[in-house]
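Peer 1: model this:
(2 chains)
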Amino acid sequence: MTNNEQTPSSDPATRLDFIRSQIKEDLESGKHDSIQTRFPPEPNGYLHIGHAKAICLSFGVAEEFKGQCNLRFDDTNPTKEESRYANAIMEDIRWLGFDWDDRLYHASDYFEQLYEFAVKLIKKDKAYVCDLSADEIREYRGTLTEPGKDSPHRDRSIEENLDLFERMRTGEFEDGLRVLRAKIDMASPNLNMRDPVMYRIVHATHHRTGDKWSIYPTYDWAHGQSDSIENITHSLCDIGFEDHRPLYEWFIEQLGIFPSRQYEFSRLNISYTVLSKRKLLRLVNEEQVSGWDDPRMPTLSGLRRRGYTPEAIRTFIDRIGVARKRGSTADIAMLEHCLREDLNLHSKRVMAVLHPLKVVIDNYPEDQVEELEAVNNPEDDSAGNRKVPFSREIYIEREDFREDPPKKFFRLAPGREVRLKHAYFITCERVVKDEQTGEITELHCTYDPASRGGASPDGRKVKGTLHWVSAAHAVRAKVRLYDHLFTKEDPENNESGDFVDHLNPDSLETLTDCQLEPSLADAAPGDRFQFLRNGYFCVDSVDSKPGALVFNRTVGLRDSWTKIQKSKKK
RNA sequence: UGGGGCGUCGUCAAGUGGUAAGACACCAGCCUUUGGAGCUGGCAUUCCCAGGUUCGAAUCCUGGCGCCCCAGCCA
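Peer 2: Numbering: from 1, shown residues only, chains lettered A, B, ... in the order given. Model prediction:
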């Protein structure tokens, strides 16, 4: 190496994880001139944030070390895979910010080559056709502590194997009647080496190859060989495949093809959610959520609809790092922190009252309307200002008033003065209640004209600042408040039953009578905002319509008031 | 009592023989026209345990203990 420009970071604070260290070493030693990775999703479901880790890693290291990352659909099981999934997967990867240029591949592109490889193995007496049933194969495999037994078909002649294998391909046999197996070692302590199945007979229409094939390769047989065909130098996968590595290498060695190498990293788990396709599919099928893109789902499409930014997800993935231990769970608070960090910098602030309480400002002229100046984003001067209408009747947040305020409650109460953000100081003079129910229906206040804009006219302090919306100008909208999908930190690993039992019954609360400032009237699907003092919200991309806006709460603001209250209750 | 992997703060995670990074969370305070943001400080005398080697060990050796993964013709 004449230079070390390929090192992604010279910052000593940014230590390389074990994968990047390996790559760096392979480049410096001259083992590889450049690196090639791949992301190999199976098109049988939607991508979730666990996949984002794999995507960021495989595409990320390729970028950092000036190599390439292919997108390869691992479509070896026609009974589970569909094109619609493939399309959604591509959309999600692009949304995250990665690109495979013209390198879109499919394991099914290699079926013919794989078949020839298999014939080669048969000719080397390293593979054979086995007539045992699935159950029998399981019995013959032995157990964790006992070796397996050789299949009675293990010693078939090469000619017979060749003939049978070809007839498997032509579709002569029924599903499950025979399989092609690698001839390795039925006594291996590694179960994966006990003559693993390479091909099974499946008469099903494949979403790309149609009815051309009646045999399909298994993961173990297809994956490593596909890697090798694409000259993948570093095949990154999750740690569940660790035990498969000897098999991965055995196939490559027997075939004498390009020696791709597999490296395993720990899969991502996140507290208060589940990250397994099988479980997510179940939530969808059982209609526990509205679909794969329900904003509560940890799928990329769900997170996107919820209002997450790709930047936040990528930052999160960077920060949790890469290691190779099993069973590590990132705190969802970390994810939410990365989200807020990004949203705080880039979201326009607006005022929206979620639980409206009417306030009449008695000393404010009846028909007067003022256009008050409001800062769009205190974190970003270039975001500019906007005008917000103010009038005699406004809405404030119901929880911003307490008739009998507890200690440290800085908001409105009888006789108390607070600031209306961007507007005036008001003092609560009178509380109007429903005679029957006792519910507070209206507040009467007076304002101090000298405090226009929210400035203190004489230096007097007000502890609280409230957001508000002019009643006459407000835009009514529906707002959905989302919370964690599960009530347990680890719903996937709970001895006390099924994970769906721990679904959070309050994961979605829909508010139908929210009052928003008028600038929001023409917000478009996907637009993100910070509702002042409330949190970050986005316009729902599916259900929102002009004139009937629907917002999703992406994540709340950090809320130290709620924290104070909770700690007092203890 | 088969094989593989892993044990460093509540969580994620650096550290590869020279005297425990960082992030999140948490706590205290400052500041504030968002109880937001920002800022300051605190937060592992100790690295699963026990021995050993060494001037010196989270890092090396020995022996324990604990947790996770593998018995699909799924990936």
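Peer 1: Can you tell me how far the residue of chain A found nearest RNA strand B is from residue A:64?
Peer 2: RNA strand B sits closest to residue A:454 of chain A, with a gap of 2.3 Å, by CB to the nearest atom of the strand. Using the backbone N, CA and C atoms, a C-beta is placed for each residue, glycine as well. As for residue A:454, its distance to residue A:64 is 48 Å (criterion: CB to CB, to the nearest Å).
Peer 1: How about residue A:158?
Peer 2: Applying CB to CB, the value for residue A:158 to residue A:64 is 47 Å.
Peer 1: Enumerate the residues of the stretch 1-150 of chain A near RNA strand B.
Peer 2: A:13, A:15-18, A:21, A:40, A:42, A:74, A:76-77, A:80, A:132-134, A:137-138, A:141, A:143-145 (CB under 7 Å from any atom of the strand).
Peer 1: same deal with the stretch 151-300 of chain A?
Peer 2: So the stretch 151-300 of chain A meets RNA strand B at A:175-176, A:178-179, A:189-192, A:196-197, A:200-202, A:216-220, A:222-223, A:239-244, A:266, A:271 (CB under 7 Å from any atom of the strand).
Peer 1: Quick one, which of those are buried?
Peer 2: For those, burial is judged from neighbour counts taken by 16 or more other CB atoms under 10 Å, and it is met by A:178-179, A:192, A:196-197, A:200-202, A:216-220, A:222-223, A:239, A:241, A:244, A:266, A:271.
Peer 1: which residues of the stretch 301-450 of chain A score low on pLDDT?
Peer 2: The stretch 301-450 of chain A contains no residues with pLDDT under 70.
Peer 1: Can you name the residues of it that neighbour RNA strand B?
Peer 2: Listed as neighbours of RNA strand B in the stretch 301-450 of chain A under the rule CB under 7 Å from any atom of the strand: A:319-331, A:333-334, A:337, A:340-341, A:344, A:349, A:377-379, A:408-411, A:419, A:421-422.
Peer 1: need the helices for the stretch 1-150 of chain A, in chain order.
Peer 2: In the stretch 1-150 of chain A, the segments counted as helices under DSSP state H, counting those that start in this stretch are A:18-28, A:49-64, A:83-96, A:111-123, A:134-141.
Peer 1: If you count neighbours, what's buried in the first one?
Peer 2: Just to be clear, that refers to helix A:18-28. For helix A:18-28, a neighbour-count test (16+ other CB under 10 Å) marks A:19, A:20, A:22, A:23, A:24, A:26, A:27 as buried.
Peer 1: One more: the fourth one?
Peer 2: Residues A:111, A:114, A:115, A:117, A:118, A:119, A:121, A:122 are the ones in helix A:111-123 that count as buried (16+ other CB under 10 Å).
Peer 1: OK, contacts around the last one?
Peer 2: Spelled out, it's residue A:122. A:128, A:158, A:161, A:162, A:165, A:180 (CB atoms under 8 Å, 6 or more residues apart in numbering).
Peer 1: is the closest residue to residue A:77 other than its chain neighbours in a bridge, and if so with what?
Peer 2: Closest residue to residue A:77 apart from its sequence neighbours, by CB to CB, 6 or more residues apart in numbering: residue A:216 at 6.6 Å. For residue A:216, the beta-bridge partners are residue A:200 (DSSP bridges).
Peer 1: From residue A:70, how far off is residue A:216?
Peer 2: Distance from residue A:216 to residue A:70, by CB to CB: 21 Å.
Peer 1: next one: residue A:519
Peer 2: Using CB to CB, residue A:519 is found at 45 Å from residue A:70.
Peer 1: Settle it for me: which of those two has more neighbours?
Peer 2: Set residue A:519 next to residue A:70 and count neighbours by other CB atoms under 10 Å: residue A:70 wins out with 23 against 19.
Peer 1: That one and residue A:233 touch, don't they?
Peer 2: No. Checked against CB atoms under 8 Å, the pair residue A:70 and residue A:233 is beyond contact range at 11.5 Å.
Peer 1: Please enumerate the shared neighbours of these two.
Peer 2: With CB under 8 Å, 6+ apart, residue A:70 and residue A:233 have common neighbours A:36, A:37.
Peer 1: which of the contacts of residue A:122 are buried?
Peer 2: The neighbour count (16+ other CB under 10 Å) marks A:128, A:161, A:165, A:180 as buried among the contacts of residue A:122.
Peer 1: that older thread, any chance of the buried residues of helix A:111-123 in TSV, with pLDDT and distance to residue A:184 too?
Peer 2: Listed next are the buried residues of helix A:111-123 as TSV, based on pLDDT from 0 to 100; distance: CB to CB, whole Å:
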residue	pLDDT	distance to residue A:184
A:111	98	23
A:114	98	18
A:115	98	20
A:117	98	16
A:118	98	14
A:119	98	18
A:121	98	11
A:122	98	14
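Peer 1: Looking at the residues you listed, which one is closest to residue A:523?
Peer 2: Nearest to residue A:523, judged by CB to CB, of those is residue A:111 at 48.7 Å.
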